[in-house]
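1. Here is the input, now give the coordinates:
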Amino acid sequence: MARRPAPAPEPAGNWTFLSNHGHVFLCLAHDPDARLRDVAVEVGVTERAVQRIVADLEEAGYLRRIRVGRRNSYEINPDQPLRHPVESHQAVRSLLALVQGKKKPAGRKTTGG
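-> This is a model prediction of the structure:
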């Protein structure tokens, strides 16, 4: 029996600005060839939950699954508008531009200025 990897640590207060759908989407935007098992570990949900989320994202037009041999790759649609009415005037590319880039090393704090 394979040992299950530990989920990603939960932020203080157990809430985040983005949903699991957003986290999965960003993981696949960062690494289109990622295995869903690895995405699940990164997001802190089950692999089955990631499969459902990917199906939702694909059905809504946010990504396209491309078969490459025995694996999948994912193509992001950066022109798809964000779903919620509050931010629907922005396309996915705005979210990607905001959050993509180098991750800061753990434990470093950002100061204003």
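
2. pLDDT-wise, which helix or strand of the protein ranks last?
-> Taking mean pLDDT, DSSP states H and E as the measure, helix 92-99 is the helix or strand of the chain with the lowest mean score, a mean of 93.

3. tell me what it is packed against?
-> On a contact count with 3 or more CB pairs under 8 Å, 6 or more residues apart in numbering; DSSP states H and E, helix 92-99 meets helix 20-30. For glycine as for every other residue, the C-beta is placed from the backbone atoms N, C-alpha and C.

4. who does the helix it packs on touch, helix- and strand-wise?
-> For helix 20-30, the contact count by 3+ CB pairs under 8 Å, 6+ apart identifies helix 36-43, helix 47-59, strand 71-76, helix 92-99 as packing neighbours.

5. give me that answer again for 10 Å
-> helix 36-43, helix 47-59, strand 63-68, strand 71-76, helix 92-99 (3 or more CB pairs under 10 Å, 6 or more residues apart in numbering; DSSP states H and E).

6. Point out the most buried one among these.
-> Neighbour counts averaged per stretch over the helices and strands packed on helix 20-30 are highest for helix 36-43, at a mean of 19; criterion: mean count of other CB atoms under 10 Å.

7. avg pLDDT for that one?
-> This predicted structure assigns helix 36-43 an average pLDDT of 98.

8. which strands and helices sit next to that helix?
-> If you count contacts as 3+ CB pairs under 10 Å, 6+ apart, helix 36-43 packs onto helix 20-30, helix 47-59, strand 71-76.

9. Can you tell me which of the ones you listed is nearest to Pro85?
-> Set against Pro85 and scored by CB to CB, the helices and strands packed on helix 36-43 come closest in helix 20-30, at 16.1 Å.
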